[in-house]
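Asker: Dropping a prediction and its sequence here:
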There are 2 protein chains.
Amino acid sequence: MNKFLLLTIMLIATLGISHAQELKSPNGNMAVRFSLQPDGTPIYSLTYKGKVVIKPSKLGLELKNDKKSLLNSFNIVDAKKSSFDETWQPVWGEVKSIRNHYNELVVTLNQKEADRQIIIRFRLFNDGLGFRYEFPAQKNLTYFVIKEERTQFAMAENHTAYWIAGDYDTQEYDYTTSKLSEIRGIMAKAVTENLSQTPFSPTGVQTSLMMKTADGLYINLHEAALIDYACMHLNLDDKNMVFESWLTPDAQGDKGYIQTPSSSPWRTIIVSSDARDILASKITYNLNEPSKIKDTSWIKPTKYVGVWWEMITGQSTWAYTDEYPTVQLGVTDYAQAKPNNKHGANTANVKKYIDFAAKHGFDAVLVEGWNVGWEDWFGHSKDYVFDFVTPYPDFDVPGIREYAQSKGIKMIMHHETSSSVRNYERHLDKAYQFMKDNGYDAVKSGYVGDILPRGENHYSQWIVNHYQYALEKAADYKIMLNAHEAIRPTGIARTYPNLIGNEAARGTEYQAFGGSKPNHVAVLPFTRLIGGPMDYTPGIFEMDLSKISPSNNSHVNSTIANQLALYLTIYSPLQMAADLPENYDRFPDAFQFIKDVAVDWDDSKYLEGEPGEYVTVARKAKNTGQWFLGSVGGNNARTSIIKFDFLDSRKTYVATIYADAKEAHYKTNPQAYTIRKVVVNNKSKLTQFVAPGGGYAISFVEADKTQTKGLPRL
Amino acid sequence: MNKFLLLTIMLIATLGISHAQELKSPNGNMAVRFSLQPDGTPIYSLTYKGKVVIKPSKLGLELKNDKKSLLNSFNIVDAKKSSFDETWQPVWGEVKSIRNHYNELVVTLNQKEADRQIIIRFRLFNDGLGFRYEFPAQKNLTYFVIKEERTQFAMAENHTAYWIAGDYDTQEYDYTTSKLSEIRGIMAKAVTENLSQTPFSPTGVQTSLMMKTADGLYINLHEAALIDYACMHLNLDDKNMVFESWLTPDAQGDKGYIQTPSSSPWRTIIVSSDARDILASKITYNLNEPSKIKDTSWIKPTKYVGVWWEMITGQSTWAYTDEYPTVQLGVTDYAQAKPNNKHGANTANVKKYIDFAAKHGFDAVLVEGWNVGWEDWFGHSKDYVFDFVTPYPDFDVPGIREYAQSKGIKMIMHHETSSSVRNYERHLDKAYQFMKDNGYDAVKSGYVGDILPRGENHYSQWIVNHYQYALEKAADYKIMLNAHEAIRPTGIARTYPNLIGNEAARGTEYQAFGGSKPNHVAVLPFTRLIGGPMDYTPGIFEMDLSKISPSNNSHVNSTIANQLALYLTIYSPLQMAADLPENYDRFPDAFQFIKDVAVDWDDSKYLEGEPGEYVTVARKAKNTGQWFLGSVGGNNARTSIIKFDFLDSRKTYVATIYADAKEAHYKTNPQAYTIRKVVVNNKSKLTQFVAPGGGYAISFVEADKTQTKGLPRL
């Protein structure tokens, strides 16, 4: 990574210990105030342009078997302020370079009686606050168990929230928009069925949590650098509108095992009066450590197709045979098994996808269901469920390797763990080596179902530690990782940029499991994407899934134009064209946008943004400098009015606009789209209709590189 | 392994389903009877020469979320009898070849309503019964969770038992001899302190459980082939004197996760009117599968010394430094740390042990505390506690490797896991490879403290699975394994003969932790050793441990002659001379026996045996054919009278008898021994005094190979 670093220590001052501490953001718009209550409880508050964002809120941790805990009886022994300003270049991303600019306040607190210290470190950026607990090495605080982290976020009013239910095992819920006070009443309905789920409280919600105040302030709560610590949820005291951290417990109900020196993840509060600033914020990455991977040349943004949607919809199967009530690896003789003749990952079918990828300029092909064990992989807490190296008889590993190579296509490996985490770790080295031996540089991993060891949760410290283990080991093998059902990202991709994707939210697959809300994709950028890219797998053109699989009555609640826009609005360096090749063949003109769109960017401009309503973003492709634009709407039709002032003022462009037709509707008429070409420059303004569940996408080509004759000017 | 197999199917008969089934042992002395109660509950009973061993006792399993369970409503659909007779040769052992001779009854049971079947397989040997549950592959029984195994062992009377408290996490208790009815009253006292312990019931005891009936029958209850199943304890209904199986639960309280086809471990009942038959029984091995290791040439019985007792007694330390409150691997800079100057595993000290081993003809040297992390290894549930490859600064891995090689000494690796099982598995491949790279062919592993993942138990299915994983992986690397604090052995060494040792009971170390009962070693052969060899680490010559470590007030409750006898009475292909070299230098004549004694045998003759009282065994060394004899007593003095009729009738021998002096006593005079040489033949008879906590040991040399002049004849 070619990193540009500018470090300025502007001020280091040891301040008096008796008074409250105040820290301002570099631009002076935000201020955090820290003080102690009379009983020695730490308190902080946050304002934005004088408006209250966080009312005085307690900080601290409740420890197991420790009466005093780390909650009160503190005095301030030291408080230091400093400033930091650097610019760094991500390996991949929405922008070419990221400025990491903050003022810092480091408060050292002492519990006199116990003779032990903690540090609370605040970093105040122009667009938000990050703070964390630090536990220095010391005689009287070596090991401790967290009963609960007691970090409060006291809201000033009964804000509007865009939330999903707090859950130890799934993030795959549809979002609800409601007042904070309404969460309790809605909760039961919000907890929809999932293959593994553990909701914990009628007012518990997940981060990243997006909120909007009555006077138009946007507030986002999340965490950064979640490493070897339990994932934080937020539990709402809905009498006082105070959120409190609620960590994910282990099988014993304990919430963290800490050895000093160490620190908690950062707790982040992104704030702006302009919703687009939330989308553009880089706080989460900035609070993570720089890349630990020195040579990142092998990490490559990727556009791919895959043998996947046909199984998700029910057209084909992951399993090879239906013959046995159960299977055992190394025992079941697949060579003798009767094929079910619906197995998707067969060599001929995979080659068809490779041909399609090569023909249309994709980088890679993902194949799920290639390896033995799928017959009874789910729901049995089966320990030795997959070995990750043994293909089904009809999946020719070397043949596919050679065929893909001959076509210039990379293969993407699939490792479904069935949440049998120990089994996966036991096989990880061999599985990764098998990948390298067979030309796979990227893996999609999955954690469907309840975790083994039993009683553990998807987001507990023990399992968070596992995801990180798999990520770091992948880096050792120069493997890019795209983990599904794993912990939601918290900017760790800055440190391990081989984490090129995550699911960790309700993805496109749910459109085949009964459907998602039409405005779901207008919430995700404000919530899930705050932590890092999502492998949302867009690009569905056939919304009536019974046409693919007669017994599937699901409908994809989205228009084709909306699907195209997702390649921009759901940022990811890993983008799939998820639909079946034959569906793309039916709409070659719309498919052209998916073929054209880039996956890595030098710049991004958020033009419109309102949670659950719309997101419009223009992005400038890395290397080519080509601009693309995507806009998604929400549940209702709208008119998008945007300026093209991001374009080079010296140039003229032909914009190809893929938009909803007037009669388009996510439910009744999702395939009604129009494609028009117009000549534009940076003075042009677009007024564009967006259907319910719709959107539009634009590719810009410089006028001197294409035909402009006869095209209207915008 | 040169295996000799003789298989005879004598009778396969499908019997009527309405009547009870009876099966006799090959010699007709034992009979097992199987039937169904009117409600379809399976029942078995066992007799020995007409005496009741097991009264009618229920069989079955209670399942989780399954009302009917596998307890009743069965009918017999099939019952087959057959016979089996083979002789096989163990890779190492007490005898050159083992006969596996039994009659078998296989009963297939059906639950009509649930339409599902189980099989109960009985194997009746001349010296006992083994039976197990088998769960065939079938449509209506694929996966299930065991709530409890409900196997009963109904005793005929209030027998005498030699027991330790049932516990999910430790086996390291002193044995208690009491009536079954007295267990409840004694339990609290029997549960002595341990670094990890989870007793579960006032009448729960461990297997192997030894009992004696009022009319002189010896009964031993244990299990064989415990693989991927929870370890069985026995819980006593002390009103009716009925034991019932009590499996070790996981963190959720569940006791087993089964996928069909599979089977339970064997439940074994060894029976004889002669206690020596219990000691000589090979049922446990016979019920295990033949060796899965094809080339066993690298598995070598070993006699070793080690840098160990000096740490156990407190003279030196495992840790290198006392400077830090905690340490972190990869973070703590040991090169800069202040040494505590008590670190045992320093290069100079290790070389001293290598010199001693070479001088006295030992095979190997064990070194504990060689690797970084010991400063805070225990009691913190520390995940990343050891990496198993990084030495302390004062332990020169290549220097020691070369020095040992130059002296013809093998090094034995030590892997203390601190029960951080996931961490160990993550490092296992590298740790084993590090061993091979540095000339280590054997490893002593340890599982001290509470298990990680937290809530799991040392003997639950999940962790039993781990021990097996480590064993099989060791076999892949051609590494011999000696696991301490792991699951008690159940004859698995037949299948994986690289399992050359286990602790899994109260070993010699407890003599340095306050002492063990003087008769402990006269119980172990009847209990712990039923499942396989024990790395008891005998050979302590200095019983007053304050002479080694002034602050240690422990006393080793044993005489020197008793210590010598242990090399015979506690069978193991891995034997340590555990005391400090300087203590052996003080008693070179007694030490000569330890130098001479073999560790692998062509034959063994149990001459005397009574649980808790005495064990006397003669063994004939492999290759040399030399005889050795050992005898341990119990709490009180006794006179041992034995015949030497095991000797070759055509030969004369010089027997060197290492015995307690008249005034010897484990407590007051443990170092009082006599050594005398006598000329003997197979008509000779020995009458030998044994002190309290004492014993004697004999080495036999053929007369034509030594000086006999002037020696008395026995």
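Answerer: Great, that's in hand. Predicted model, so just to flag it, every value in this text is computed and none were measured.
Asker: Quick one: name whatever helix or strand follows the helix or strand hosting A:Gln468.
Answerer: Using DSSP states H and E, the element containing A:Gln468 is helix A:461-476. Later in the chain than helix A:461-476, the nearest helix or strand by DSSP H and E is strand A:480-484.
Asker: who does that following strand pair up with?
Answerer: Strand partners for strand A:480-484, identified by DSSP bridges, are recorded as strand A:440-446 (parallel), strand A:499-502 (parallel).
Asker: Name the residues that touch that strand?
Answerer: Outside strand A:480-484, the residues that touch it by C-beta atoms under 8 Å, 6 or more residues apart in numbering or on different chains are A:298-300, A:302, A:412, A:441-448, A:467, A:470-471, A:474, A:498-504, A:507, A:535, A:574. (Each C-beta comes from the backbone N, C-alpha and C, glycine too.)
Asker: what about A:His520, distance to A:Gly204?
Answerer: Counting by C-beta to C-beta, to the nearest Å, the gap between A:His520 and A:Gly204 amounts to 20 Å.
Asker: of those two, who's got more company?
Answerer: Neighbours were counted for A:His520 and for A:Gly204 using other C-beta atoms under 10 Å in any protein chain shown; A:His520 has more, 26 against 20.
Asker: which stretch of helix or strand covers A:Leu105?
Answerer: Under the criterion DSSP H and E, the helix or strand holding A:Leu105 is strand A:98-111.
Asker: Which strands or helices does that strand pack on?
Answerer: Of the remaining helices and strands, those touching strand A:98-111 by 3 or more C-beta pairs under 8 Å, 6 or more residues apart in numbering or on different chains; DSSP states H and E are strand A:21-24, strand A:30-36, strand A:74-88, strand A:116-125, helix A:283-286.
Asker: Now for A:Ser554, how many residues are close by?
Answerer: Using other C-beta under 10 Å as the criterion, the residues surrounding A:Ser554 number 21.
Asker: and it, what does it touch?
Answerer: Under the criterion of C-beta under 8 Å, 6+ apart, the contact list for A:Ser554 reads A:313, A:511-515, A:545.
Asker: do you know how far A:Lys478 is from A:Asp441?
Answerer: Counting by C-beta to C-beta, the gap from A:Lys478 to A:Asp441 is 7 Å.
Asker: Mutual contacts of the two, please.
Answerer: By C-beta under 8 Å, 6+ apart, A:Lys478 and A:Asp441 have these common neighbours: A:Trp298.
Asker: who has more neighbours, the two?
Answerer: Residue environment comparison for A:Lys478 versus A:Asp441 gives the larger neighbour count to A:Asp441, 20 against 17, counting by other C-beta under 10 Å.
Asker: Please name the residues that touch the more buried one.
Answerer: The neighbours of A:Asp441, taking C-beta under 8 Å, 6+ apart as the test, are A:298, A:300, A:410, A:435, A:478-480.
Asker: Just the buried ones from those?
Answerer: With neighbours counted using 16 or more other C-beta atoms under 10 Å in any protein chain shown, those contain these buried positions: A:300, A:410, A:435, A:478-480.
Asker: okay, A:Ile17: pLDDT?
Answerer: In this prediction, A:Ile17 carries a pLDDT score of 50.
Asker: ugh, wrong one, A:Ile9
Answerer: At A:Ile9 the predicted local distance difference test score is 35.
Asker: again with A:Leu714
Answerer: For A:Leu714, the predicted pLDDT is 89.
Asker: swap in A:Lys68?
Answerer: 88.
Asker: So what's the residue count around A:Asp394?
Answerer: With neighbours defined by other C-beta under 10 Å, the count for A:Asp394 comes to 17.
Asker: Without its sequence neighbours, what residue ends up closest to it?
Answerer: Counting by C-beta to C-beta, 6 or more residues apart in numbering or on different chains, A:Asn346 is the residue found nearest to A:Asp394 once chain neighbours are left out, at 4.2 Å.
Asker: ok, so what distance separates the one you found from A:Asn438?
Answerer: Between A:Asn346 and A:Asn438 the computed distance is 17 Å (C-beta to C-beta).
Asker: and the two? which has more neighbours close in?
Answerer: Neighbour tally, A:Asn346 and A:Asn438, criterion other C-beta under 10 Å: the higher count belongs to A:Asn346, 23 against 17.
Asker: if I look at the more buried one, how far off is B:Val448?
Answerer: Distance of A:Asn346 to B:Val448, computed by C-beta to C-beta: 51 Å.
Asker: just A:Pro265 next, same as before
Answerer: Separation of A:Pro265 from B:Val448 (C-beta to C-beta) stands at 32 Å.
Asker: okay, those two: which has more neighbours?
Answerer: For A:Pro265 against B:Val448, the residue with the higher neighbour count under other C-beta under 10 Å is A:Pro265, and the figures read 26 against 16.
Asker: my read: the more buried one touches A:Ala230, true?
Answerer: No. Distance between A:Pro265 and A:Ala230: 9.3 Å, which falls outside the contact criterion (C-beta atoms under 8 Å).
Asker: who in chain A is up against chain B?
Answerer: Where chain A comes near chain B, counting by C-beta under 8 Å from any C-beta of the partner chain, the residues are A:137-139, A:142-143, A:250-252, A:254, A:257, A:259-261, A:324-326, A:328, A:376, A:380-383, A:422, A:425-426, A:429, A:453-456, A:462, A:465, A:469.
Asker: Tell me which residue of the stretch 401-550 of chain A lies closest to chain B.
Answerer: Nearest residue of the stretch 401-550 of chain A to chain B (C-beta to the nearest C-beta) works out as A:Gly455 at 4.6 Å.
Asker: Return the alpha-carbon coordinates of stretch A:685-701 using PDB.
Answerer: Only the C-alpha atoms of stretch A:685-701 are listed here, as PDB (Å, rounded to 0.1, in the frame of the first residue of the first chain):
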ATOM      1  CA  LYS A 685     -29.100  18.800 -13.900                       C
ATOM      2  CA  LEU A 686     -31.200  15.600 -13.900                       C
ATOM      3  CA  THR A 687     -34.800  15.300 -12.900                       C
ATOM      4  CA  GLN A 688     -35.500  11.600 -12.700                       C
ATOM      5  CA  PHE A 689     -38.600   9.600 -11.800                       C
ATOM      6  CA  VAL A 690     -38.000   6.700  -9.400                       C
ATOM      7  CA  ALA A 691     -40.700   4.100  -9.000                       C
ATOM      8  CA  PRO A 692     -41.700   2.500  -5.700                       C
ATOM      9  CA  GLY A 693     -38.800   0.100  -4.900                       C
ATOM     10  CA  GLY A 694     -37.000   1.600  -7.900                       C
ATOM     11  CA  GLY A 695     -33.900   3.500  -8.800                       C
ATOM     12  CA  TYR A 696     -31.700   4.500 -11.700                       C
ATOM     13  CA  ALA A 697     -28.100   4.000 -12.800                       C
ATOM     14  CA  ILE A 698     -25.900   6.000 -15.000                       C
ATOM     15  CA  SER A 699     -22.700   5.400 -16.800                       C
ATOM     16  CA  PHE A 700     -20.800   8.400 -18.100                       C
ATOM     17  CA  VAL A 701     -18.500   8.200 -21.200                       C
END
